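Visitor: Could you look at this predicted model? Sequence included:
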Amino acid sequence: MPTTKDTIRHALADLRPAGLDTPLGEGLEWVAECDGFVSLKLHTPSLATPDTRAAAARAARDAVAAALSATDAPPIRSLIVEFVDHAGTVLQTERLGPSGTAPKTSGAKTPPTPRAPAAPTQSPGHRPIGGLADTSGDDTPAANPLDSIKHVIAVGAGKGGVGKSTIAVNLAVGLARQGHAVGLLDGDIYGPSLPTMLALDALEQTVIAGKLQPHAVHGIKAITIGKLVEPDKPLIWRGPMAHGAFKQLVEQASWGELDYLIIDLPPGTGDVCLTMAQTLTLTGAVLVCTPQKVAQDDAVRAARMFQQLKIDILGVVENMSFFIGDDGKEYDIFGRGGAEIMAQRMGLPFLGSIPINTALRTNSDSGNPSDNFNPATAGGDALPQALQALATTLEGQVALASLRQGKSKPTLSIS
């Protein structure tokens, strides 16, 4: 049975409004639908004027409404059509109700004036996020857009391959298991891992009233850029493009009230980290490091970056601290304790050591991190205990950081 989105795509496949050289379906880049609220993104260069775009939006509304009326899907309550250029910049937005209601049009948007050097051109498939306002050219620091979230915590690493995303996912699930409202933002623009690690492949990203709606999985809310781009396309993005994409993910998501928002950063000390520091007021950062010396060297650089950006370092996690074999024995493959020694040398809190075993790999690949907290599905007690201790220790460091930053006051209970 075709889905509602398939029905919408089919309704637009051969539609050719006046002034359009090719069927409207060929310019359809993105579609979302939820309970009668439909959003479309169209790239139609031959529709060069506001009037022709508005007429095309009305024709699309009528075609979709007719197609949906022949199915069990809810009728159209609202249709948002955004016309974009080749770079993904929104040129015009049409907001229409059911047939017979007056549309609302936002005027054409002039693309931002390129800075020096000029902004790079983009190849097809590597455009900024469509369906949302374009913020890629705005470098002005703004007020914290996440004012409904108590604590924003970045999870970073000096190098790739140390399990940063694994720690971010399991830390978010661990905090949620302790009764907190938790969100997880996949800010790893170049290598998003959440679609696999949270089994999001079968879910579609929805946008309502211009806001990304988080996926509710494993007791947390999650948003990843991996659900907004083609899964098999590399993101060949230079600094300004990554900057704009990250700002859109942060500023235009409907998180609601949260106790914690965990941000999984790309490895290294590049553009996204700088954008985050400009855009958000963070409670602090967590550094992930494996025990060996080469990982420690890069972790030190990442720590210095956070310190230079005036971001509190909540602590260091030693991932892959030891391997647990099927026989239950522990093997110190990478030299257990190296990251802890590094943290002590730098005067940073040490949050804990996380082991690795076959169950952790299996649960991560299958997108079921909740199984990492159950000894029966986590290969024994060691992994669940380490993950839950990590969440508990982080809670304590967050409380201390909040006191330092003046966000909370100590309380005294008398019984």
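Guide: Cool, got the structure. Numbers count the residues shown, from 1 in each chain.

Visitor: Longest strand in this protein, by number of residues?
Guide: strand 313-324 (DSSP state E).

Visitor: That one - contacts with which helices or strands?
Guide: Here strand 313-324 touches helix 164-177, strand 284-289, helix 293-308, strand 330-331, helix 338-346, strand 350-357, helix 382-404, going by 3 or more Cβ pairs under 8 Å, 6 or more residues apart in numbering; DSSP states H and E. For glycine as for every other residue, the C-beta is placed from the backbone atoms N, C-alpha and C.

Visitor: closest one to S321 among those?
Guide: strand 350-357 (3.7 Å; Cβ to Cβ).

Visitor: right, and I354 touches A389 too?
Guide: No. Contact criterion Cβ atoms under 8 Å: I354 and A389 do not qualify, at 9.5 Å.

Visitor: How many residues are close by the closest residue to Q388 other than its chain neighbours?
Guide: Of all residues not flanking Q388 in the chain, G174 sits nearest, at 5.7 Å (Cβ to Cβ, 6 or more residues apart in numbering). Neighbour count of G174, defined by other Cβ atoms under 10 Å: 26.

Visitor: cool, and A32?
Guide: 20.

Visitor: How about residues contacting the host helix or strand of it?
Guide: Assigned by DSSP states H and E, A32 falls within strand 28-34. Contacts with strand 28-34, where a contact means Cβ atoms under 8 Å, 6 or more residues apart in numbering, come from 4-5, 8-9, 12, 38-43, 73, 84, 130-131, 204-208, 213.

Visitor: Where does pLDDT dip in the protein?
Guide: 1-3, 35, 87-88, 99-145, 229-243, 269-271, 278, 407-415 (pLDDT under 70).

Visitor: domain ranges for it?
Guide: If you go by automatic domain parsing, the domain ranges for the chain are 4-106, 149-404.

Visitor: Highest mean neighbour count out of these?
Guide: Ranked by mean neighbour count, these are led by domain 149-404 with a mean of 20 (mean count of other Cβ atoms under 10 Å).

Visitor: contacting residues for the closest residue to A176 other than its chain neighbours?
Guide: The spatially closest residue to A176, leaving aside those adjacent along the chain, is G219, at 3.9 Å (Cβ to Cβ, 6+ apart). Neighbouring residues of G219 by Cβ under 8 Å, 6+ apart: V173, A176, R177, V182, S370.

Visitor: Now do the same contact list for P214.
Guide: Here P214 is in contact with G183, K221, A222, I223, A253, S254, W255 (Cβ under 8 Å, 6+ apart).

Visitor: Can you classify S39 by secondary structure?
Guide: Here S39 is strand, with the state taken from DSSP: H, G, I helix; E, B strand; the rest coil.

Visitor: Across the sheet, point out what pairs with it.
Guide: Beta bridges link S39 to A32, I80, judged by DSSP bridges.

Visitor: my guess is it meets I80, correct?
Guide: Yes. The pair S39 / I80 is scored as a contact, 4.6 Å apart, by Cβ under 8 Å.

Visitor: Let's verify L274: helix, strand, or coil?
Guide: helix.

Visitor: measure the residue nearest to it when sequence neighbours are not counted to S165 for me?
Guide: Closest residue to L274 apart from its sequence neighbours, by Cβ to Cβ, 6+ apart: L309 at 7.5 Å. The gap separating L309 from S165 is 21 Å, by Cβ to Cβ, to the nearest Å.

Visitor: go on, N363?
Guide: 13 Å.

Visitor: wait, what's in contact with the closest residue to F334 other than its chain neighbours?
Guide: Distances taken as Cβ to Cβ, 6+ apart place P291 nearest to F334, at 4.3 Å, with adjacent residues excluded. Neighbour list for P291: E318, M320, S321, D332, F334, G335, R336, G337, G338, A339 [criterion: Cβ under 8 Å, 6+ apart].

Visitor: I'd guessed the fourth one sits against F322; true?
Guide: Read it as D332. Yes. The pair D332 / F322 is scored as a contact, 5.2 Å apart, by Cβ under 8 Å.

Visitor: Need the overlap of contacts for the two.
Guide: Common neighbours of D332 and F322 (Cβ under 8 Å, 6+ apart) do not exist.

Visitor: Make JSON lines out of the helices and strands packed on strand 313-324 and add distance to S148.
Guide: Output for those, formatted as JSON lines (distance: least, Cβ to Cβ, whole Å):
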{"stretch": "helix 164-177", "distance to S148": "17"}
{"stretch": "strand 284-289", "distance to S148": "19"}
{"stretch": "helix 293-308", "distance to S148": "24"}
{"stretch": "strand 330-331", "distance to S148": "43"}
{"stretch": "helix 338-346", "distance to S148": "32"}
{"stretch": "strand 350-357", "distance to S148": "26"}
{"stretch": "helix 382-404", "distance to S148": "16"}
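
Visitor: Pull up the gap between the residue lying closest to M346 once chain neighbours are set aside and I341, please.
Guide: Distances taken as Cβ to Cβ, 6+ apart place A303 nearest to M346, at 6.1 Å, with adjacent residues excluded. For A303, the distance to I341 (Cβ to Cβ) stands at 14 Å.

Visitor: same question, Y190
Guide: 30 Å.

Visitor: quick one: secondary structure of K150?
Guide: Going by three-state DSSP: K150 is strand.

Visitor: my guess is it contacts Y260, does it?
Guide: Yes. Using Cβ under 8 Å, K150 makes contact with Y260 at a distance of 7.1 Å.

Visitor: just to revisit the earlier point, tell me the spacing between the residue nearest to M346 and L171.
Guide: 18 Å.

Visitor: Please apply the same query to W255.
Guide: Distance from W255 to L171, by Cβ to Cβ: 17 Å.

Visitor: same thing with V317?
Guide: Where L171 is concerned, V317 sits at a distance of 8 Å (Cβ to Cβ).
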